[in-house]
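1. The following block contains a protein sequence and its predicted model.
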Amino acid sequence: MVSRLLALALCAAPALAPAFASAQEVEIETFAGPVSVPANPATVVVLDLAAIDTLQALGVAPAGVPDITPPAYLADAVAAAETVGTLFEPDFEAIAVMRPDLIVAGGRSQSQVEPLSAIAPAIDMTIDGTDLVADARARLAAYGALFDRDAEAEALEAELDAALDGARAAIEGRGDGLILLTNGGAVSAYGADSRFGWIHTELGLPEAVPDLSAETHGESVSFEFIAEADPDWILVVDRGAAIGQAGEAAAATLDNPLVAGTNAAREGHVVYLDSAPLYLAGGGIGSLMITIGEIRDAFDAAGS
């Protein structure tokens, strides 16, 4: 079906191939390695929320975006663009008719990079979470070079460095932590090697439980596990809230005697993070700044 729709769309835009083939190019780093793409593209379809996030921070507005309810801070960028399918199923015909100069995919749309490249240059800017902050820096630098916004990218990286330093200072010597994701009534824990592991590795928050599974959806845990871990801090990501799904809220899920008995709960150190930036746009520069700020504020508010 994709191939048939794509063929029809390309027939409707016969000048497409020469248009992007002759553009001046710049080499940037992508998930797949160095790639040469048209420099300073005017019309860009972006199918990854972390990419939309960082491009917004650089002042670059996408022309096409997926049909998704974004985190609130990305709402204006998404509302101003044309909808071109979903994260998992782009609308190839609509994208081809737009005649984009570049298509940015990644993460949930990663598998679509190759078929999309039949329409226009398509790049994989996935941030897989294994070294999220380093990937975020690399993507920021790549977009800065791509859109001739190197100075803006350098300024944003300096802001990130300052935020990281501030959070590390607030966290140092304040005990260990456990990152939990709730999904309805289910709970998963995330360690240093997980998609949220940068909170441990980059901010210096010791793990309450070392060697947790690095699975994408975390390691399924019980309330007894949480009680036994007895962390000094619990950082909570509510998946249902992040994706706008109805169901039991994280606070209700964790409202039980076993969690209440932990040192974190007794000291008021259970922190409910703004889940949408972290879960949907993880690795975007804006997402990172939001989460780092929330964590620093929580530690600062708790005092020493």
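-> The structure has been received and is ready for your questions.

2. mind listing the strands for the stretch 1-150 of the chain?
-> Across the stretch 1-150 of the chain, reading from the start of the chain, the strands by DSSP state E, counting those that start in this stretch fall at 25-30, 33-38, 44-46, 64-65, 82-83, 102-105, 122-124.

3. Now mean neighbour count, mean pLDDT and distance to residue 245 too, for those strands, in CSV please.
-> In short, each C-beta sits where N, CA and C put it, glycine included. Written out in CSV, the entries for these read as follows (neighbours: other CB atoms under 10 Å; pLDDT from 0 to 100; distance: least, CB to CB, whole Å):
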stretch, mean neighbour count, mean pLDDT, distance to residue 245
strand 25-30, 16, 96, 31
strand 33-38, 14, 96, 35
strand 44-46, 28, 98, 24
strand 64-65, 24, 98, 21
strand 82-83, 14, 97, 20
strand 102-105, 27, 98, 24
strand 122-124, 23, 98, 28
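
4. Next, format the ones you listed as TSV and append distance to residue 249.
-> Below are the strands of the stretch 1-150 of the chain laid out as TSV (distance: least, CB to CB, whole Å):
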stretch	distance to residue 249
strand 25-30	38
strand 33-38	42
strand 44-46	31
strand 64-65	28
strand 82-83	29
strand 102-105	32
strand 122-124	35
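
5. Surely residue 177 touches residue 235?
-> Yes - in this structure, residue 177 sits in contact with residue 235. The criterion is CB atoms under 8 Å, and the distance is 6.0 Å.

6. what do those two both touch?
-> In the contact map built from CB atoms under 8 Å, 6 or more residues apart in numbering, the residues linked to both residue 177 and residue 235 are residue 199.

7. For residue 280, find the nearest of the strands of the stretch 1-150 of the chain.
-> Ranking those by proximity to residue 280 (CB to CB) places strand 64-65 first, at 12.7 Å.

8. Residue 189 belongs to a strand?
-> Yes - using DSSP: H, G, I helix; E, B strand; the rest coil, the assignment for residue 189 is a strand.

9. partners of it in the sheet?
-> In this structure, residue 189 has beta-bridge partners residue 180, residue 219, where bridges are defined by DSSP bridges.

10. coming back round to it: nearest to residue 137 among the strands of the stretch 1-150 of the chain would be which one?
-> Using CB to CB and comparing the strands of the stretch 1-150 of the chain, the one that lies nearest residue 137 is strand 25-30, at 10.4 Å.

11. packing partners for that closest one?
-> Contact analysis of strand 25-30 by 3 or more CB pairs under 8 Å, 6 or more residues apart in numbering; DSSP states H and E lists strand 33-38, strand 122-124, helix 132-146 as its packing neighbours.

12. again, only using 7 Å
-> Using 3 or more CB pairs under 7 Å, 6 or more residues apart in numbering; DSSP states H and E, the elements in contact with strand 25-30 are strand 33-38, helix 132-146.

13. Tell me which of these lies nearest to residue 50.
-> When the helices and strands packed on strand 25-30 are ranked by distance to residue 50, counting by CB to CB, first place goes to helix 132-146 at 7.3 Å.

14. Identify all contacting residues around the closest one.
-> 26, 28-30, 37, 39, 54-55, 58, 125, 127, 150, 152-153, 156-157, 198, 202, 282-283, 285, 288 (CB atoms under 7 Å, 6 or more residues apart in numbering).
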